Each structure stands twice: as structure tokens, then as C-alpha cells.
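*Asks:* Fold the stuff below for me.
(4 chains)
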Protein chains: 4
Amino acid sequence: MKYEKIKTQAYAANVQIVDAGLVLLTWGNASVRDPGEEVFAIKPSGVSYRDLKADMMVVVSIESGEVVEGELRPSSDTPTHAELYRRFRQIGGIVHTHSNYAVAFAQARRDIPLLGTTHADHFRFPIPVTRDMTDCEVEGAYEKNTGALIVETFEKRSLDPLAVPGVLVASHGPFAWGRDGRSAVENAIVLEAVARMACESRLVNPDILPAPACLTEKHFLRKHGPGAYYGQQ
Amino acid sequence: MKYEKIKTQAYAANVQIVDAGLVLLTWGNASVRDPGEEVFAIKPSGVSYRDLKADMMVVVSIESGEVVEGELRPSSDTPTHAELYRRFRQIGGIVHTHSNYAVAFAQARRDIPLLGTTHADHFRFPIPVTRDMTDCEVEGAYEKNTGALIVETFEKRSLDPLAVPGVLVASHGPFAWGRDGRSAVENAIVLEAVARMACESRLVNPDILPAPACLTEKHFLRKHGPGAYYGQQ
Amino acid sequence: MKYEKIKTQAYAANVQIVDAGLVLLTWGNASVRDPGEEVFAIKPSGVSYRDLKADMMVVVSIESGEVVEGELRPSSDTPTHAELYRRFRQIGGIVHTHSNYAVAFAQARRDIPLLGTTHADHFRFPIPVTRDMTDCEVEGAYEKNTGALIVETFEKRSLDPLAVPGVLVASHGPFAWGRDGRSAVENAIVLEAVARMACESRLVNPDILPAPACLTEKHFLRKHGPGAYYGQQ
Amino acid sequence: MKYEKIKTQAYAANVQIVDAGLVLLTWGNASVRDPGEEVFAIKPSGVSYRDLKADMMVVVSIESGEVVEGELRPSSDTPTHAELYRRFRQIGGIVHTHSNYAVAFAQARRDIPLLGTTHADHFRFPIPVTRDMTDCEVEGAYEKNTGALIVETFEKRSLDPLAVPGVLVASHGPFAWGRDGRSAVENAIVLEAVARMACESRLVNPDILPAPACLTEKHFLRKHGPGAYYGQQ
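*Replies:* Residues are numbered from 1 along each chain as shown, chains lettered A, B, ... in the order given. Below you'll find the predicted structure:
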């Protein structure tokens, strides 16, 4: 029962993304890292959310990608999660979905622009879209390369993954993350909501400009970092 | 009770398309083929989904189109189903709906373009829209001709109906299918979802291009065919 | 208890438009005509749908517009209903809502174009929008004049109100009707659905053309009139 | 238990905006003023709506902004509410949300235009968007300055806050208010609904014009003021 805690948390995160309306059919998966061990728990591949139970979660080694505990095959996106945990040391939970508006931006190969305080409360900058993968990257270790592409995107733009806790993989969809499973779920919810707001803002005004930086910085820092004063502590 | 199994499956498929939000009023019907006999079970015409029961399903001969079992009149679209079963030998379930975004593409007389992995996981190529029917086709055996038009569309484009398990009938709406009732329902759900994503992707970027073929092939083959590695087997 | 039947039917219609998601707050009302007497039952004004009961329905004379039975004040739109019953002798139920997409077309002052079979199954032609009311019409017997404007719209276009059982009042919203309360509700649901489909069809293809007349005639006549073969009789 | 009544009302208003679908996560807050005392009750900051109870509401002085009763920290937007109560003497309830279409207009920095009777029944004129805040305003007493900016917007346009009971703060989102908590909630619901209708009206007709003033005046005055005749009194 060594990994019971992260299996419970990963199960909860998988249930929450369904309850939040981010998942159709089996299109989504959530994982939670063990803060002590170099492993994470993730949803098994292709299992219906209706049949899912906490003890079906599969525990995988971050370093080797091998299954450490569990009888089912882990999500086919497991190597992407592993790569993100390996390279983004600060994150403790990851959520992947095909939520509608986030996919629309990913398919359109456009960043989600920073248009207001809703976005800035959770994501300090625009939410980036990756470049297209090369044929070689797709034909090789595809899922691992997807993770590497996300890391490359953040490195090229000098982005802190906790300041911008999500990304759009071009022609595919969103990944979101956080310090733990709960915050990864919250960021996936926010990513979808701000994608929708951005889409409809452009309908109202096609020539829309980003929000003033002073305002967005204020909102991000009101909730994050040493000077934060939102919430109860 | 010879046809109890397909009646139960056809009933389940009809209930599932309602639960999935694809059906308003009585706008939809699902059928399931008997793998041994040359018959299929289909929803009766115009019956409210609230009143529907498994034993109301009507069993129809694929070849003659005649009712083999059942006291109610079968769906008015029955000759379309029969024609599809006759010509697409591999399929075992068919779903017809008037789901919103699929109808939008059908009315716009545009294919649903292949913009990302959500689409490619289930449909290997763009989802085609038929040509308009001629006056003669409409005034003749309309429902049978609708089926023939779908087959013509697939033949002209050399499409395998299991690689692209759905179509848009111009100015009308979607038909989806699969190896059985369950997969036909799933493909109808996916068709609506990717139609919506395509519609909103174009709002975000009117000059959007299709996803790279290498990526979409990877995703289709990850789930289908001999090299598939998605799911539990 | 003379009017119990129409009060029950009018109450049911009011509940159904809420259940169908056509009504926000108290924005909607439904009425049912007595086939024998020259009266109709309608929702009381401004009463919350949660508090509504069948015996609160108000019975009003078609000719005089006076309350015949009931203790509450009838809907402020009552004179519109009365005018429609007076002039459209074939109709037995009326529904008014502010459903979202129908209002969008009414505010845009555009007909809902006839783009496909979903529309044609219930409305034989485009759903017309009225002209703007004159200041004089607004400042006079406003609600009665709204009814007169609807009738004028149908007369100018030589439309049969049972072939096109609904209208958009410019800068206001939809009215739908039918032979009885149940069909009026159904037509209000269809009107909203086809408004949405038309809106999104134009997003997919801004140069969209109407559906071929042969096809739309086929669908309307498949469900209506002497040659109908949809449903169980 | 001096403030029990306004705490109960503020709690009810916070629950109602969630039930109305205006709130995602913790993005929203409602307050109710005490008609006798110069205080108001407001939601505590960052508390999940699921965990919220009436006795958690925080009572704050309008003049000093200090907490008068309650153990939790009040909403971070409390100084905005205080400023609005101080300057708009007629209002007794305030609602702030990040509802989707209202945010779209706020981010687009566009007024919600007066396109029809749905809008005019509750808001006599277009719903204004504020100017951008200056860096200085953001870096100073940000939340108080947000309230002052709203008041400035109404003063510059000579608007009565009870004739137009809501506003869009640029790049942020909507505030709505009313004579009490219940009417503030209702106006927040209407604001979101008319924002959506306006967005979709422009999709249908990009060259849409405002509704005739005669018609919108008629509708506003049918529901408000001495000649009102909507509802039961």
C-alpha cells in the first residue's frame, strides 16, 4: 500500500476533470507525483471513467518509465507525463484533456492571448502553443518527444512552468499542471475557460489588444508569491 | 425471441445517443445488424424517446427492406440504413442524428477538415459531405437514394467506411457507423465533437491549415489496426 | 371548473418551455385556446416558474381581451396572444420566449434562412422577421399591435401560419404556435434549434446558400399533409 | 446576531450566482447592504462555494472598510463594493462575477449595445465598459480605485445606476447591482444573457443597428417606474 496516497489523489484528479466537463469519452488523463519517490500514479489506458477505481491507477517510474505497481497498462500518454516530471522539477500533478476551446486554439496553432484578469489570476503570460512536431519526432518516441517539445517551448520563451502552468500542443490539445493534483485540475479548468473567453472576445472585437501589463501583473501577484493577499492566508 | 439480442443493442444505442445530448425531440435513430442473419433492428418512427422500450424495436430485412418482426412502423430513414448495411458489409451499427455542429457543416456543405488528433484518433481523413441530391433522387426512393448517395461519396473518394466511419448528407445531417452499435454511437459522439472543434478553430484562426499527415496517421494507427497500443489489449 | 382542461394544458406548456431550456427568469409565456369557447388560458404576469400552479392560469376572452376567470393579472403579452388567436383561426396554442438564438436573429432583424431538413421538417419556408414597429404602434396599444404586426407579416408574404408556425418580432424575440399547446411548444423548441444551426452554418460557410427546394418540400410533406408517412399513423 | 439578516441575504445571493451558472471555481462574490447601518455583508475570500455557510459572511463598514463582524478575511474585492455603496446611495446589493460573455465584452473593451427588448426590460441604455485603469491606479489602492472608476464612468455618461444596474470593468469583468441582493443577482443574470445575445446577434448580422429607442423605452418603463404594468402589482 506504499503508493496508496498518490493513487487516491490521481484517481480524484481524474474524476474531477470529468466532473468539470473537460472530458468526453476517455479523452483525458491525470497523474500525481510522489514527492518522496521518483514515481507518479496515472490513469490506465482506455478505461471508461464510469468503471474507474482508485486501485486501478498505475504507478510508473519517472526515470525509467517502467510500471512499478499496477496490473493495467498505463495511459498511452505516460511518457509525456514522465518527461514533464523529469524536466519540470517543481510540478506535482499533470492533467491532459481534449477540452473544446483549448483544442480549438491548439488546432489553430495560436497562443491563448492574455486578455484579462481571469487569465492573469492563474497564468502570468499568454499560454503558449508548441511548434509542429517533425515527422521524425512523431515517428520516433512520439509521446516522450511530446513532453520534450513542451519543455523546449518553455525554455525558448524563458517561461517558468509555475508562472504559466499549461501549454497547447499544436494540432493536439492542452496539458496543464501544478504543485499537486488539485492545482493541476484547477489550471486545466482555467485554461479551458480563458480559451473560451478569448475566442468570444475576438468575436466581439476582432482588433482586440492584450490587457495592460500593469493590471495582469497585479492580478497574478495578488494570488501568487510573497505579497499575495487573496484567500484566507 | 430470435432477435432479442439486436433489439436490446439497438435500444441501448438509441438511449445512448439521447444521453450523449445528440438528439432533440425525436430527431435521431440507431440500428444494429444481426451478424448471422441479413436483418437489423431499428427504432420505430416518431416514437418519443421517453416512451421507447427495447421490445418496440422493429426488425427489418436488409435485402427486401420488409419488416420481419415488430408491430410498429420502422423509422422513416430505414431504407437508408438498409442500403448502408447492404453496401458497407463490414459495419454492424448505424446512428443518424441532427446534432448541432454536424448539421452546421452539412448545411454549409463543407467537409469536416482534419485539424487535429481528436479527429484523427477516430476518423483517418476529413469527414466528407455528399453532393446535393438531384430532384429526381429526392422525388424517387428518397431514403434509399440517400444511402446510395453516401456509398457513392465513399466510392468516389476511395474511402474505407471503417477508416472514416461517418458522413454528412448535404443540407441534412450526419450518419455515423461502426462494427457494432456501441462503436456507431461513439463515432456519432466524436463526429459532433470534432465538428464543434473545427468550427471554433476557424473562429480562432480563419486561415487554419490541416494537421500534419504524419501526426494524424500516428494517432489513427495508435488506436486502430495491427500496431495499435491504446487501451488494455 | 369549466376551463380546467385548458388551464391544465396551458400550465403544462409553460412548464415544458422551462424544461426545454427556452426560458430564463420569467421571460416566457404559453397559452392554450379553448376549441369550443372563444377564450384562452395564459400564464399570470411576472410569476416565478417555481411558484406556478395550474390553477393560477388566467382565462381571457379572445374578443374582448377581458379576464373571464382567475385572480391574477394575465401576462403583459396577453393582447398579442388574443390578436393571434383572433386572426389565425387554425391555431390552438401560442408560446413566446426570449430563447437565445431566436432573439439573436430577431435583434439582427434577419429571417432564419431555410438551410436544411431539420428546419423543413417543421417550417416549410424561412422563418420571417417582422418590420420594426413605428413609434406610433409602440406608443399605442403596444401588445395588440405586436400581434397585428405578426399577422401583417404573414399576409404580406402570403404565408399559412400552420406551414410556418412561428415568427421573429424585430428587436424583440420569437413567437411560435401550433394546433394545440403541445405542438406550439415543439415548434418553439425547433425554432430555437434551427436558429442556432443557421447561426453556426454561417460560421462554417459565410456564403452558404438555401437548401434545394425539392429537398425541403419533400421533408415538410413527409411529416405534414395527406401524403405524410412519418410516425405511427 | 445583529447582522444575521444581511448575512443570510448575502449568503443566498452568493449561492444564487453559482446556481445560475455565473461562477466557475471561486470567481465571484455578492454582498448585501444593511439599510439601517452603514455596513454590508460579503463573501469571505477564496472560500470554496461548496464549503460556504451563512455565518461565514463577513460584515464590513462602508465608511472605513474595516471588518465589523466575522472571523474570515473578506473578499479581496471588498473595497470595490464599499466604494460603490458609498457613492451609489440607492443600491442595496452588489454581485461580481467572471461570467463568460460579460467578460468577453469587458476584454474586448466594448459596451454591450442595446439591441432589443430583453436588454431594455432591465437596462435602459447600453451597458458601459470603463476606460483602462492607469498604472498608478492599479499600483495604488487597486480595488478601491476600481470602484471609483465605475462611479466615474457613470458620472461622465450621466447614468443613473438604477436605470443601468451594471458595468463592465475593462479587461476584467462585470459588476451588477440592485436595490437589494435579489435584484443584484437578477441583473447579473440578465447582463450575462444580453451579452451573449449581443455577441450572437453580431454573428448573424455584423452591421446590426441598435433597437429603436421608442421600443426600448417602452419596455424599460413597462417594468420600472410609476407607469409600470408588468407583474402582479
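*Asks:* CA atoms for contacts and neighbours, from now on please.
*Replies:* Will do.
*Asks:* after the longest helix seen in chain A, next one along is what?
*Replies:* For chain A, the helix that runs over the most residues, judged by DSSP state H, is helix A:181-204. Scanning forward in sequence from helix A:181-204, with DSSP states H and E defining helices and strands, the next element found is helix A:213-223.
*Asks:* doesn't A:Ala184 make contact with A:Gly178?
*Replies:* Yes - look at A:Gly178 against A:Ala184 with CA atoms under 8 Å: they come within range, at 4.3 Å.
*Asks:* out of those two, which sits in the more crowded spot?
*Replies:* Counted by other CA atoms under 10 Å in any protein chain shown, A:Gly178 and A:Ala184 do not tie: A:Ala184 has more neighbours, with 28 against 25.
*Asks:* Provide the secondary structure category for A:Leu168.
*Replies:* When the structure is split into helix, strand and coil by DSSP: H, G, I helix; E, B strand; the rest coil, A:Leu168 lands in strand.
*Asks:* next one: phi and psi at A:Phe40?
*Replies:* phi -140, psi 160 (degrees, to the nearest 10).
*Asks:* my guess is it meets A:Glu63, correct?
*Replies:* No - A:Phe40 sits out of contact with A:Glu63 when judged by CA under 8 Å, with a separation of 10.5 Å.
*Asks:* ok, the two, which is more surrounded?
*Replies:* A:Phe40 (30 against 12).
*Asks:* The spatially most central residue of chain A bridge partners, please.
*Replies:* Geometric centre of chain A, nearest residue: A:Ala176, 1.3 Å, by CA atoms, centre = their mean. On the basis of DSSP bridges, A:Ala176 is bridged to A:Val95, A:Gly166.
*Asks:* pLDDT score assigned to it?
*Replies:* The per-residue pLDDT reported for A:Ala176 equals 98.
*Asks:* how close does it sit to A:Ile112?
*Replies:* 13 Å (CA to CA, to the nearest Å).
*Asks:* A:Val47 now?
*Replies:* In this structure, A:Val47 and A:Ile112 are 31 Å apart, going by CA to CA.
*Asks:* The two: which is more packed in?
*Replies:* Between A:Val47 and A:Ile112, A:Ile112 has the larger neighbour count (other CA under 10 Å), namely 27 against 19.
*Asks:* Not counting residues beside it along the chain, what's closest to the more buried one?
*Replies:* Closest residue to A:Ile112 apart from its sequence neighbours, by CA to CA, 6 or more residues apart in numbering or on different chains: A:Ile127 at 5.0 Å.
*Asks:* Now do the end-to-end distance for stretch A:20-30.
*Replies:* End-to-end distance of stretch A:20-30 (CA to CA): 13 Å.
*Asks:* Return the set of buried residues in that stretch.
*Replies:* Within stretch A:20-30, the residues that qualify as buried are A:Leu22, A:Val23, A:Leu24, A:Thr26, A:Trp27, A:Gly28, A:Asn29, A:Ala30, counting by 16 or more other CA atoms under 10 Å in any protein chain shown.
*Asks:* Give me the buried positions along stretch A:31-44.
*Replies:* A:Ser31, A:Val32, A:Arg33, A:Asp34, A:Val39, A:Phe40, A:Ala41, A:Ile42, A:Lys43, A:Pro44.
*Asks:* what's around the residue nearest to the second one when sequence neighbours are not counted, how many residues?
*Replies:* Which is A:Val32. Among residues not flanking A:Val32 along the chain, A:Gly93 sits closest, at 4.4 Å (CA to CA, 6+ apart). By the measure other CA under 10 Å, the count of residues near A:Gly93 is 30.
*Asks:* Pull the contacting residues for A:Gly93.
*Replies:* Shown in contact with A:Gly93 (CA atoms under 8 Å, 6 or more residues apart in numbering or on different chains): A:Ala30, A:Ser31, A:Val32, A:Arg33, A:Trp177, A:Gly178, A:Arg179, A:Asp180, A:Gly181, A:Arg182, A:Ser183, A:Ala184.
*Asks:* 10 Å instead?
*Replies:* Neighbour list for A:Gly93: A:6, A:9-10, A:13, A:30-34, A:40-42, A:81, A:84-85, A:176-185 [criterion: CA atoms under 10 Å, 6 or more residues apart in numbering or on different chains].
*Asks:* quick one: the helices in chain A?
*Replies:* Under the criterion DSSP H, chain A contains helices at A:4-19, A:78-87, A:100-108, A:117-120, A:135-139, A:142-156, A:181-204, A:213-223.
*Asks:* Does chain B have contacts with the fifth one?
*Replies:* Same thing as helix A:135-139. Yes - judged by CA under 10 Å from any CA of the partner chain, helix A:135-139 comes into contact with chain B through A:Asp135, A:Cys136, A:Glu137, A:Val138, A:Glu139.
*Asks:* for that helix, what is the average pLDDT?
*Replies:* When the per-residue pLDDT values of helix A:135-139 are averaged, the result is 95.
*Asks:* What is it packed up against?
*Replies:* Under the contact criterion of 3 or more CA pairs under 10 Å, 6 or more residues apart in numbering or on different chains; DSSP states H and E, the helices and strands touching helix A:135-139 comprise helix A:142-156, helix B:213-223.
*Asks:* Apply 8 Å and report the result again.
*Replies:* Contact here means 3 or more CA pairs under 8 Å, 6 or more residues apart in numbering or on different chains; DSSP states H and E; on that basis helix A:135-139 packs against helix B:213-223.
*Asks:* does the helix it packs on come close to chain A?
*Replies:* Yes - shown here: helix B:213-223 in contact with chain A (CA under 8 Å from any CA of the partner chain) through B:Cys214, B:Leu215, B:Lys218.
*Asks:* for A:Ala13, what are its contacts?
*Replies:* A:Ala30, A:Ser31, A:Val95, A:Gly181, A:Arg182, A:Val185.
*Asks:* again, only using 10 Å
*Replies:* By CA under 10 Å, 6+ apart, A:Ala13 lies in contact with A:7, A:19, A:29-32, A:42-43, A:93-95, A:180-186.
*Asks:* What separation do you get for A:Gly181 and chain D?
*Replies:* Taking CA to the nearest CA, to the nearest Å as the measure, A:Gly181 and chain D are separated by 16 Å.
*Asks:* Hmm, A:Phe105 and A:Met197 touching each other?
*Replies:* No - A:Met197 is not in contact with A:Phe105 according to CA atoms under 10 Å; the separation is 11.8 Å.
*Asks:* The two: which has the busier surroundings?
*Replies:* More neighbours sit around A:Phe105 than around the other of A:Met197 and A:Phe105, counting by other CA under 10 Å; the figures are 34 against 28.
*Asks:* Can you tell me how far that one is from chain C?
*Replies:* A:Phe105 sits at a distance of 16 Å from chain C (criterion: CA to the nearest CA).
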